[in-house]
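S.K.: Using only what follows, build the 3D model:
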Amino acid sequence: ILTDDPKIKALAGNYDDLIPQPLYEGVKYICFSNILPAQNNYRGWEIRSIENINTVEQNLINRTIKADPFNLKFSTNISMYIDGNVLIKSNPFNFINQFIDSGASIAAFKHPLRENVYQEFDELIATGKLNTDEINKKKILFNRMQNEGYDCKPMMTAGYIILRCHDNKNLKIAMKEWLQIIFHECKRDQISLQYLLWKHKIKMVHLDDFCLPQAFFRRFNHGKYLQFLPRELQDFFKKARYKLSNICVK
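M.R.: Residues are numbered from 1 along each chain as shown. Next up, the predicted model:
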């Protein structure tokens with residue numbers, strides 16, 4: 001492990017602002033963005049411009065960085081992707097050695113609400129997040145996965161934090177396939193990750209085995225935040241407004 005262990009984040013469009021992260025020895029934060037100018041030490045981040053991504057869809061720009069970080073130029077064997085709304089609360093080096101000792105090449109937290117991709121698919125349909133074409137594509141993807149022998153029942157992970165070891169060639173192949181599925185079959189990246197890890201015989205561990213999720217990170221509602229007010233207070237009102245709007249709609 002090199003000491004400049006990067007935390008990768010991608011900001012595209014105006015979906016999120018850049019959260020200042022706590023500084024830890026040996027931890028370097030790198031943000032890939034198409035809206036922030038390239039510079040060093042902006043709120044504790046190194047900003048790098050996003051280049052050579054063949055899409056104008058902001059969520060797919062983010063997922064390109066998220067799914068396949070292996071072509072990004074930084075000198076480290078371990079990287080951790082975090083979503084734009086994640087605040088790190090403790091030093092990730094506290095469990096890096098446990099991750100290495102596990103022999104796994106990728107790690108993530110368990111999904112806090114759903115156990116497998118079947119439940120995720122049902123939730124996406126119930127909440128109206130998929131149109132008819134997307135539903136049909138996902139059914140075709142499920143059929144292919146099942147025909148190959150995958151049962152779609154392994155524990156689904158959340159995609160907001162992903163720890164990866166960069167020296168596994170099979171993982172590199174799987175991540176490139178993951179990106180192709182995201183672009184052409186299923187934008188919801190959680191649906192296909194476990195299938196590809198199974199297909200390429202890649203060992204995954206859950207970060208829950210190494211630390212408590214609530215002790216390691218906090219997730220804020222997406223969106224912009226004022227710099228002169230506590231983010232936690234603004235997030236409380238964002239969540240309250242969201243719940244109130246749902247009640248009014250019902």
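
S.K.: CA only for contacts and neighbour counts going forward, please
M.R.: Will do.

S.K.: how far is stretch 136-151 from where the chain is centred?
M.R.: What separates the centre of stretch 136-151 from the centre of its chain is 23 Å, taken as Cα atoms, centre = their mean, to the nearest Å.

S.K.: swap in stretch 97-107?
M.R.: Relative to the centre of its chain, stretch 97-107 is centred 18 Å away, using Cα atoms, centre = their mean.

S.K.: Stretch 182-189 too?
M.R.: 14 Å.

S.K.: now stretch 167-174
M.R.: 18 Å.

S.K.: what's next to it, contact-wise?
M.R.: 68, 70, 77, 105, 166, 196-197, 200-202 (Cα atoms under 8 Å, 6 or more residues apart in numbering).

S.K.: could these be laid out in a markdown table, adding neighbour count, distance to residue 127 and secondary structure?
M.R.: As requested, the contacts of stretch 167-174 are arranged in a markdown table below (neighbours: other Cα atoms under 10 Å; distance: Cα to Cα, whole Å; DSSP: H, G, I helix; E, B strand; the rest coil):
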| residue | neighbour count | distance to residue 127 | secondary structure |
| --- | --- | --- | --- |
| 68 | 18 | 28 | coil |
| 70 | 17 | 34 | helix |
| 77 | 16 | 39 | coil |
| 105 | 21 | 33 | coil |
| 166 | 16 | 36 | coil |
| 196 | 19 | 26 | helix |
| 197 | 19 | 28 | helix |
| 200 | 12 | 32 | coil |
| 201 | 12 | 33 | coil |
| 202 | 18 | 32 | coil |
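
S.K.: now the helices for this protein?
M.R.: In the chain, the segments counted as helices under DSSP state H are 58-67, 93-102, 117-126, 132-147, 169-184, 190-199, 213-216, 231-249.

S.K.: how about the shortest one as CSV, C-alpha atoms only?
M.R.: Included here for helix 213-216 are C-alpha records, laid out as CSV according to Å, rounded to 0.1, in the frame of the first residue of the first chain:
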residue,chain,number,x,y,z
PRO,A,213,-21.2,2.1,9.2
GLN,A,214,-22.4,4.9,11.4
ALA,A,215,-19.0,5.2,12.9
PHE,A,216,-17.1,5.4,9.6
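
S.K.: Let me know how buried residue 142 is, in neighbour terms.
M.R.: Neighbourhood size, residue 142 [other Cα atoms under 10 Å]: 20.

S.K.: and it, what pLDDT?
M.R.: Residue 142 carries a pLDDT value of 91.

S.K.: so where's this protein shaky on pLDDT?
M.R.: 1-16, 52-56, 223-226, 228-229, 234-239, 241-250 (pLDDT under 70).

S.K.: List the buried residues of the longest strand seen in it.
M.R.: Counting by DSSP state E, the longest strand found in the chain is strand 157-165. Residues of strand 157-165 classed as buried: 157-165 (neighbour count, 16 or more other Cα atoms under 10 Å).

S.K.: what inclination does that strand have with respect to helix 169-184?
M.R.: Interaxial angle of strand 157-165 relative to helix 169-184 (axes from the mean of the first three to the mean of the last three Cα atoms, to 10 degrees): 140 degrees.

S.K.: Which elements pack onto strand 157-165?
M.R.: Applying 3 or more Cα pairs under 8 Å, 6 or more residues apart in numbering; DSSP states H and E, we find strand 157-165 packed against strand 78-82, strand 106-110, helix 190-199.

S.K.: and the angle from it to helix 190-199?
M.R.: Using the same axes, to 10 degrees: strand 157-165 against helix 190-199 is 40 degrees.

S.K.: Pull the residues that contact strand 157-165.
M.R.: Against strand 157-165 from outside (Cα under 8 Å, 6+ apart): 77-83, 86, 105-112, 189-190, 206.
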